[in-house]
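1. Curious how this folds, go ahead:
(2 chains)
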2 protein chains.
Amino acid sequence: MMCELLGMSANVPTDICFSFTGLMQRGGRTGPHRDGWGIAFYEGRGCRTFHDPNPSAESEIARLVQRYAIKSRIVVSHIRRANRGRVCLENTHPFHRELWGRHWVFAHNGQLRGVKRLPLDFYQPIGTTDSEYAFCWLLGRIREQFPHAPHRPQALWRHVHALTQELNPRGVCNFLLSDARYLYAHCSTQLSWLTRRAPFGKAQLMDADMTVDFEAETTPNDIVTVVATRPLTDNEPWTVMRPGTLAIFGAGVPIAVFGA
Amino acid sequence: MMCELLGMSANVPTDICFSFTGLMQRGGRTGPHRDGWGIAFYEGRGCRTFHDPNPSAESEIARLVQRYAIKSRIVVSHIRRANRGRVCLENTHPFHRELWGRHWVFAHNGQLRGVKRLPLDFYQPIGTTDSEYAFCWLLGRIREQFPHAPHRPQALWRHVHALTQELNPRGVCNFLLSDARYLYAHCSTQLSWLTRRAPFGKAQLMDADMTVDFEAETTPNDIVTVVATRPLTDNEPWTVMRPGTLAIFGAGVPIAVFGA
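-> Residues are numbered from 1 along each chain as shown, chains lettered A, B, ... in the order given. As a prediction, this is how the structure comes out:
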C-alpha cells in the first residue's frame, strides 16, 4: 500500500480543512498510513510546514491544522506508509529547499529503484528516503538548466516533464511539487484532481461521515482544484490522470498538461 | 527596541516550555515584540519549525508549542520587532537552509547597514529582511570555504567567527545559528546564557508569574544551556556575553568561545 498525496491550488487563499479531514482519516483509521504525515501551506512568498512522524489520526499537530484553518493558495500534503527509510522527522514529506529565492516543496508516492545512484551536486538529502534524494536530484537539474528563474514558465514546465521521464523507468513516481507559483502534479500510476467553482454544491467525504456545503463556505468567484492519490469524495466528477502525465495548476485551474 | 532571541542546547531531548513561556510574554504583553515569532526544534537530523507573523501572546500556534512540549537537543527561537521588512511569514525568523545534508537555522537581532550589497551566490533570500540576507551570505561563505563538512568542527567555528567580524562593523548583529550539531551564539551588543545542571533548584520567570522546580522536572544527568537576549529569570547566575564574542554550545555546555 502506498502513501496518500493531497494538493490544492486556489485563486484566493482557501482553507483545506475539509479535504484534510478526509486525508487524515486515512492516517491510521480507514487507511494503513501510520508512518507520519506532513503538510506545506504557501502564504505569499512564505511557506509554513508541519511534519509529524506520528500517525495522523492521533496527531496533536493534525488537530491544530484542522482547527486552525490556515488559508493558502497552494498546499502540498502527504501521509506516509514507510517502505524505505526509517520513520522519523527527517524522512517525513513534504521536503523543501530554496531555489531562486523561492520555497520549493515536494511530496512523493512510490518507490524508485537505484535513484541514489543519480549524481547530486547542489542539494543533498537530510534524511534517508529515495523520495528526498529524487527531489534533490530534480531540483539540482532544474538549477543546472536555469541558474536564474526563466522569464516564461513554460520552459520550466517542459524541463520538469523531461526530468519525470528520466525518473519514470525507475519505478513508481507520483508526486506533487510547487515552486511557490504553480502546483505540479505528476501521475506515474495514480493521481486524480477535481476543480470546484460556482455553482457550488455539497460534497460527501468517502473516509469520514462529513458533508460540506461549499456554497455556504465560498464566494461565487472562488476556484479551487484539489489533487489526491484517490478521489476524496464520492459525489463529484474527479478527473483520473493518465500515467506519464504532468499537470500544472495555477490560481485554482489546470493550465497545462504534458505527456497526455 | 530590538528582537528577543532564545536558544537552547541540551545533552538529552528537553522541552523548552518554561523559557518559551517567558519569551512569549515579551511578545505583546510585557514587551513590544508584536511583529511575529518563530521557533525551530531539532529532532535527530530533522528540524521542526513554527512561524507566526501574529503577536506571540495571542498566537494559536504559540499555545500549541507551549502545551505540546516538543523535546529537542537544540532550539532556536525569535520574537520579532519589525524594523526592516514587512511583517509577513517569509520575513519571520528563524530562517533555514540545507548545507551538507543538514538543516541550518538562523535567527538575528539587530540592524545591518548595507548588508544587501554583499555578494550572494548559492543561497538567495525569500523575504526582504537584512537578517535573511545576512544568513544567505554567511552560509554561502561557509559553503565556499567548506564544500564538504570539515572533519574537525573547530575549523568551521573559527571560520564562522571570522565571518562575524565582517558583519560586526555593519551594525548590530546578535544571532543564534545551528548546524544541527552545535548552537552558535554571537554577541554583538546583548546576549546572555545560563547552564542548568544538578543540583537543580527553583527558577522564577521575570516576565510571568511562574516558577519551575527543575529538580522535579529533570534527571540528575540532564544538562541544559539557555541563551537569551536578556536573562529570563531573576534568581539564577546568567553569564552576560562580551560584545564581539562567539560561543559554541554542544550537548548542553559551552565548549568554545572565540574573540573573548
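
2. Look up the pLDDT of residue A:235 for me, please.
-> Residue A:235 is assigned 86 on the pLDDT scale.

3. cool, and the one 5 residues further on?
-> Residue A:240 carries a pLDDT value of 97.

4. Next: residue A:4.
-> With respect to pLDDT, residue A:4 scores 88.

5. measure it to chain B for me?
-> Applying CB to the nearest CB, to the nearest Å, the value for residue A:4 to chain B is 21 Å. In short, each C-beta sits where N, CA and C put it, glycine included.

6. Same check on residue A:86?
-> 9 Å.

7. Pull the contacting residues for that residue.
-> residue A:128 (CB atoms under 8 Å, 6 or more residues apart in numbering or on different chains).

8. Same question for the one 10 residues further on.
-> With contacts taken as CB under 8 Å, 6+ apart, residue A:96 has the following neighbours: A:40, A:47, A:49, A:103, A:104, A:105, A:106.

9. filter these by proximity to chain B?
-> Residues of the contacts of residue A:96 in contact with chain B (CB under 8 Å from any CB of the partner chain): A:47, A:49, A:103.

10. of all these, which comes closest to residue B:121?
-> residue A:103 (19.0 Å; CB to CB).

11. isn't that closest one right up against residue B:126?
-> Yes. With contacts counted by CB atoms under 8 Å, residue A:103 reaches residue B:126, the gap being 6.1 Å.

12. Need the overlap of contacts for the two.
-> A:45, A:46.

13. What is the lowest-pLDDT residue among the contacts of residue A:96?
-> Looking at the contacts of residue A:96, model confidence by pLDDT dips furthest at residue A:49: 91.

14. what residues does the stretch 101-250 of chain A put near chain B?
-> Counting by CB under 8 Å from any CB, the stretch 101-250 of chain A sits next to chain B at A:101, A:102, A:103, A:122, A:123, A:124, A:125, A:126, A:127.

15. Return the backbone torsion pair for the closest residue to residue A:110 other than its chain neighbours.
-> Excluding its sequence neighbours, the residue lying closest to residue A:110 (CB to CB, 6 or more residues apart in numbering or on different chains) is residue A:172, at 2.8 Å. Note on residue A:172: backbone dihedrals following degrees, to the nearest 10 are phi -100, psi 130.

16. got a list of what residue A:172 touches?
-> A:2, A:109, A:110, A:111, A:112, A:188, A:189.

17. In TSV, list these along with distance to residue B:142.
-> Listed next are these as TSV, based on distance: CB to CB, whole Å:
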residue	distance to residue B:142
A:2	38
A:109	35
A:110	35
A:111	35
A:112	31
A:188	37
A:189	41
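
18. Pick out whichever of those residues sits closest to chain B.
-> Using CB to the nearest CB, residue A:112 is the member of the contacts of residue A:172 that lies nearest chain B, at 18.3 Å.

19. Tell me who's in contact with the closest one.
-> A:130, A:131, A:134, A:167, A:170, A:171, A:172, A:173 are the contacts of residue A:112 under CB under 8 Å, 6+ apart.

20. Touching, the last one and residue A:110? I think so.
-> Pointing back at residue A:173 there. Yes. Contact criterion CB under 8 Å: residue A:173 and residue A:110 qualify, at 5.2 Å.

21. Helices of chain A, start to end?
-> A:17-25, A:60-68, A:130-145, A:153-167, A:214-217 (DSSP state H).

22. so what's the residue lying closest to residue A:53 once chain neighbours are set aside scoring on pLDDT?
-> With CB to CB, 6+ apart as the criterion, residue A:53 has its nearest non-adjacent residue at 4.1 Å, and that residue is residue A:36. pLDDT for residue A:36: 78.

23. go on, residue A:232?
-> pLDDT, residue A:232: 85.
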